[in-house]
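Q: Next input, structure requested:
(2 chains)
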There are 2 protein chains.
Amino acid sequence: MKIKCVLFDIDDVLYDASLQVEMARLNAIRAMIEAGLPSDVENAYRVLKEIVKEYGTDYSKHFDKLLEQLGLRWDPRVIAAGVVAYRETNVAYLRPYPDTITTLLKLRDLGYRLGAVSDGRTVKQWQKLISLGLQHFFQYVLISEELRSETIGPELFKTALDKLNLQPGEVAFIGKRLNPDILNANRTGIISIRMRRGESRSEEAKNDEMKPKYEIDKLSGILKIVEEIEKTRP
Amino acid sequence: MKIKCVLFDIDDVLYDASLQVEMARLNAIRAMIEAGLPSDVENAYRVLKEIVKEYGTDYSKHFDKLLEQLGLRWDPRVIAAGVVAYRETNVAYLRPYPDTITTLLKLRDLGYRLGAVSDGRTVKQWQKLISLGLQHFFQYVLISEELRSETIGPELFKTALDKLNLQPGEVAFIGKRLNPDILNANRTGIISIRMRRGESRSEEAKNDEMKPKYEIDKLSGILKIVEEIEKTRP
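A: Just a heads-up that it's a prediction; the model follows:
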């Protein structure tokens, strides 16, 4: 049985989403300080992180809340400075890893079908693929929101296998989180490859089910893995 | 009595907001067609304009509705292509008119205080001033949302006069709409200057109260007007 398809998570797997969000927050805070926010970067960054944790990433008033929690009165000039810097930084850091495109090209030319399977909101994740310039690599894209889920659950992999008309052993998945991403790939029987980057890089498997079959720390590492797998299979 | 302060509306007065939104919509539709939308540009543009009219500019699902109204099924790839192109175009066209900065510099150096008075949402309008690179010109900014209003009403001018501590005759306002912008400036006694550009350029005054005291078709025209006014005043 040969590998037929390679599925990629998007954030931290195709591009450095952790760095993007960190830089966007830092630059937003720097811009707000420049516009008159009386705080230092470290303190404001810490408070902002707590706000995002509490209210979620889709909340639209993070900077309003930041001013509130710093005990300051609402200031549209300061908030707008933060929003503009945040957005500009977000766009600037929405770039594939240096080896993303070369790796996808090689996999494509080796005859593998490529897909993206990710948690998140469907249109938003598609926007990322388009802005990254990667949308034409992927013959199949499935985002958790389409199954009314917020995470990469077992049903996401089952739906993908169904749609691709493939057996679990014919599919490899590159994800970043041990739980639930790698765990559910393992449970579905998909070949699990962990990308050890970004916020989840220091996670360690709590049990055997969470252990990835393979581990890489840059995307091009996948080329050796598929080669290895193909060799061991008749 | 001398003019002490010049107040500017933002959209279509400091930059070409009408062109921006037209280009953003057109490029969004072109990108959606490229991504597979089976429609021609003219038809999709017309339907999109109707959707914006019906659901308002702040509605977040214009492109979802577009597919629906064209009788097509929801396609996140097509919608995301539209969103990405729309945003990129929006950023690209958020540029001051060629004479905006030189005009503001001259007015500043002539000793006039400059302000922005506009309808819209406060943080969003501030974002525009910042992205346009104009925020440091304006010593006073008042957006209608701060007074819980969606338009440039009489209370906006009254609040501005109060805050600036000036008489109506000491203030000039450049706006684009005859009603309510110019009308309310006239009613407050502020020197009204109409910028005949953008979507409202073909409007004609229905009565004397709506007639602007002066009219310009580019921002630099204001320099001659203030010079003229100063000459006629003792």
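Q: Now do the domain split for chain A, please.
A: For chain A, automatic domain parsing gives the domain ranges A:5-15+A:96-232, A:18-92.
Q: Please tabulate the ones you listed in JSON lines and include distance to chain B, mean pLDDT and mean neighbour count as additional columns.
A: To be clear about C-beta, it is placed using only N, CA and C from the backbone, and glycine gets the same treatment. JSON lines is the format used below for those (distance: least, C-beta to the nearest C-beta, whole Å; pLDDT from 0 to 100; neighbours: other C-beta atoms under 10 Å in any protein chain shown):
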{"stretch": "domain A:5-15+A:96-232", "distance to chain B": "3", "mean pLDDT": "97", "mean neighbour count": "18"}
{"stretch": "domain A:18-92", "distance to chain B": "3", "mean pLDDT": "97", "mean neighbour count": "17"}
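Q: can you put the ones you listed in a markdown table and add distance to residue B:108?
A: As requested, the domains of chain A are exported to a markdown table (distance: least, C-beta to C-beta, whole Å):
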| stretch | distance to residue B:108 |
| --- | --- |
| domain A:5-15+A:96-232 | 38 |
| domain A:18-92 | 18 |
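Q: Residue B:121 is nearest to which of the ones you listed?
A: Nearest to residue B:121, of all those, is domain A:18-92, at 9.1 Å by C-beta to C-beta.
Q: Skipping adjacent residues, who's closest to residue A:210 in space?
A: Once flanking residues are discounted, residue A:210 sits nearest to residue A:178: 4.5 Å by C-beta to C-beta, 6 or more residues apart in numbering or on different chains.
Q: Could you pull up the contacting residues of the one you found?
A: Listed by C-beta atoms under 8 Å, 6 or more residues apart in numbering or on different chains, the contact partners of residue A:178 are A:194, A:200, A:203, A:204, A:205, A:206, A:210, A:211, A:212.
Q: Over to residue A:78?
A: Taking C-beta under 8 Å, 6+ apart as the test, what residue A:78 contacts is A:32, A:35, A:36, A:37, A:63, A:67.
Q: What ranges does chain A have for its helices?
A: A:17-34, A:41-55, A:62-69, A:76-92, A:100-109, A:122-131, A:154-164, A:183-188, A:221-232 (DSSP state H).
Q: Outside of the last one itself, which residues are in contact with it?
A: Contacts made with helix A:221-232 from outside it, assessed by C-beta under 8 Å, 6+ apart, are listed as A:2-3, A:6, A:103, A:106-107, A:110, A:112, A:172, A:174, A:191, A:193, A:214, A:216.
Q: outside of stretch A:150-170, which residues touch it?
A: Residues outside stretch A:150-170 that contact it (C-beta under 8 Å, 6+ apart) are A:1-5, A:7, A:9, A:113, A:115, A:117-119, A:140, A:142, A:144, A:147, A:149, A:171, A:173, A:175, A:177, A:180-181, A:184-185, A:187-191.
Q: rerun that using 6 Å as the cut-off
A: With contact meaning C-beta atoms under 6 Å, 6 or more residues apart in numbering or on different chains, stretch A:150-170 is reached by A:1, A:4-5, A:117, A:119, A:142, A:144, A:147, A:180-181, A:184, A:187-190.
Q: Over to stretch A:91-110?
A: A:6, A:14, A:15, A:20, A:23, A:131, A:132, A:137, A:218, A:219, A:220, A:223.
Q: Could you do stretch A:32-45 as well?
A: Taking C-beta under 6 Å, 6+ apart as the rule, stretch A:32-45 contacts A:29, A:70, A:77, A:78, A:81, A:82.
Q: Now with 10 Å, please.
A: Contact with stretch A:32-45 is made by A:22, A:25-26, A:28-31, A:47-48, A:63, A:66-67, A:69-72, A:75, A:77-86, B:126, B:130, B:135, as judged by C-beta atoms under 10 Å, 6 or more residues apart in numbering or on different chains.
Q: now swap in stretch A:199-206 and tell me
A: Contacts of stretch A:199-206 (C-beta under 10 Å, 6+ apart): A:11-12, A:17-19, A:21-22, A:175-179, A:181-183, A:194-196, A:210-212, A:217.
Q: Apply 6 Å and report the result again.
A: With C-beta under 6 Å, 6+ apart, stretch A:199-206 has contacts from A:18, A:176, A:177, A:178, A:211.
Q: Export only the CA atoms of that stretch, formatted as CSV.
A: Below are the C-alpha coordinates for stretch A:199-206, written out as CSV (Å, rounded to 0.1, in the frame of the first residue of the first chain):
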residue,chain,number,x,y,z
GLU,A,199,3.1,27.4,20.5
SER,A,200,2.7,23.6,20.9
ARG,A,201,6.4,22.7,20.2
SER,A,202,7.1,21.9,23.9
GLU,A,203,4.1,19.6,24.4
GLU,A,204,5.0,16.0,25.2
ALA,A,205,2.8,13.0,24.6
LYS,A,206,0.9,11.9,27.8
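Q: Distance to residue B:166 added to the helices of chain A, as a markdown table?
A: Formatted as a markdown table, the helices of chain A follow (distance: least, C-beta to C-beta, whole Å):
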| stretch | distance to residue B:166 |
| --- | --- |
| helix A:17-34 | 29 |
| helix A:41-55 | 36 |
| helix A:62-69 | 29 |
| helix A:76-92 | 21 |
| helix A:100-109 | 58 |
| helix A:122-131 | 46 |
| helix A:154-164 | 62 |
| helix A:183-188 | 66 |
| helix A:221-232 | 67 |
